[in-house]
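K.L.:
What follows is a protein structure lacking sequence information:
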């Protein structure tokens, strides 16, 4: 992730606008007065070539509302980034006249609000890990000791060149989202969107998939039983499913982290929902989750 981001091929940031409740812990009352950054704030990775498509899915009015909820240190950091452009943490500390810890907390707040990004992903790790903030290496190997607090790159604005409400998303943006869902899952249908945080309604995606089917680029039909509505699939995905159906069960067991996006238990696959915790694992036998094999 670090090399891909530092090379400029990929970027990261929050592309969805915080709604006011997901940035708060369950023990804290809901409030719209301030953004509360936590480890569960969703962060997306995307190609820089497609960056403006994803950023245009966010509403400009919602962005203004997010800025109004920022703390004073976060607003000062945001103002300096707008004035001077990309800056290191040391630069922001000098420009704002704030303590370093205040600048870091402000940056973390801006990340949670979807307002800033950085050259490398290690910048975000530096905000989350207290040892990295103090410049202490997480690994004993010498080459990691060069990574002090603040990460490897500069902080900059996560620009939103095409603001607009989700109802005004253009055709190109809908095609990008529809294509990414197909590339990720191979087969898409309405119920699958429960696992996705997509700002485009299924009815709009349906129009894109119908056009792709008419051009012969994808296939439409009934590929997964138990779900109503239209389904669409990439040709390689259809061939793979047919091959699996022809093969006899071999008792193959696969162990998967519950934090993996493939954890669809209780969402798409029947059964109780399993909390997506990295320390929790699920075992699948011939593609079927084993309830007795869920362990932490």
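P.N.:
Happy to help now that I have it. What you are looking at is a predicted structure, and each value in this text was computed from that prediction instead of being measured.
K.L.:
switch to C-alpha atoms for all contacts and neighbour counts from now on
P.N.:
OK.
K.L.:
All the helices of the stretch 51-200 of the chain, residue numbers only.
P.N.:
Taking DSSP state H, counting those that start in this stretch as the criterion, the stretch 51-200 of the chain contains helices spanning 51-55, 60-68, 72-84, 89-96, 100-112, 122-128, 130-133, 171-185.
K.L.:
can you put these in CSV and add mean neighbour count and distance to residue 289?
P.N.:
As requested, the helices of the stretch 51-200 of the chain are exported to CSV (neighbours: other Cα atoms under 10 Å; distance: least, Cα to Cα, whole Å):
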stretch, mean neighbour count, distance to residue 289
helix 51-55, 21, 34
helix 60-68, 16, 40
helix 72-84, 17, 45
helix 89-96, 17, 46
helix 100-112, 22, 34
helix 122-128, 20, 33
helix 130-133, 17, 37
helix 171-185, 16, 18
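K.L.:
among those helices, which gets the worst mean confidence?
P.N.:
Across those, the stretch with the lowest average pLDDT is helix 130-133; it has a mean of 58.
K.L.:
lowest confidence element among the helices and strands of this protein?
P.N.:
Taking all helices and strands of the chain together, the one with the lowest average confidence (mean pLDDT, DSSP states H and E) is helix 130-133, at a mean of 58.
K.L.:
farthest residue from the center of this structure?
P.N.:
The C-alpha centroid of the chain is most remote from residue 248, which lies 36.8 Å away (Cα atoms, centre = their mean).
K.L.:
element containing that one, please.
P.N.:
With secondary structure defined by DSSP states H and E, residue 248 is part of neither a helix nor a strand.
K.L.:
Against residue 1, how distant is the residue most central in space within the chain?
P.N.:
Most central residue of the chain, judged by C-alpha distance to the mean C-alpha position with Cα atoms, centre = their mean, is residue 44 at 3.0 Å. In this view, residue 44 and residue 1 are 12 Å apart by Cα to Cα, to the nearest Å.
K.L.:
Equivalent analysis for residue 205, please.
P.N.:
Distance check for residue 205 against residue 1: by Cα to Cα, it reads 29 Å.
K.L.:
Those two: which has the busier surroundings?
P.N.:
Here residue 205 and residue 1 are set side by side on neighbour count (other Cα atoms under 10 Å), and the busier one is residue 205, at 20 against 13.
K.L.:
residue contacts, the more buried one?
P.N.:
For residue 205, the contacting residues are 174-175, 178, by Cα atoms under 8 Å, 6 or more residues apart in numbering.
K.L.:
next one: residue 178
P.N.:
With the criterion set at Cα under 8 Å, 6+ apart, residue 178 makes contact with 205, 208-209.
K.L.:
would you list every one of the strands in the chain?
P.N.:
With DSSP state E as the criterion, the chain has strands at 10-13, 44-47, 116-118, 155-157, 187-189, 219-221, 231-233, 253-257, 281-285, 288-289.
K.L.:
of all these, which lies closest to residue 239?
P.N.:
For residue 239, the closest of those is strand 231-233, at 10.1 Å, according to Cα to Cα.
K.L.:
any residues touching that closest one, and which ones?
P.N.:
For strand 231-233, the surrounding residues in contact (Cα under 8 Å, 6+ apart) are 182, 186-190, 209, 218-223.
K.L.:
Name the member of these with the most neighbours.
P.N.:
Using other Cα under 10 Å as the neighbour test, the contacts of strand 231-233 are led by residue 209, with 25 neighbours.
K.L.:
Spit out the contact partners of residue 105.
P.N.:
73-74, 127.
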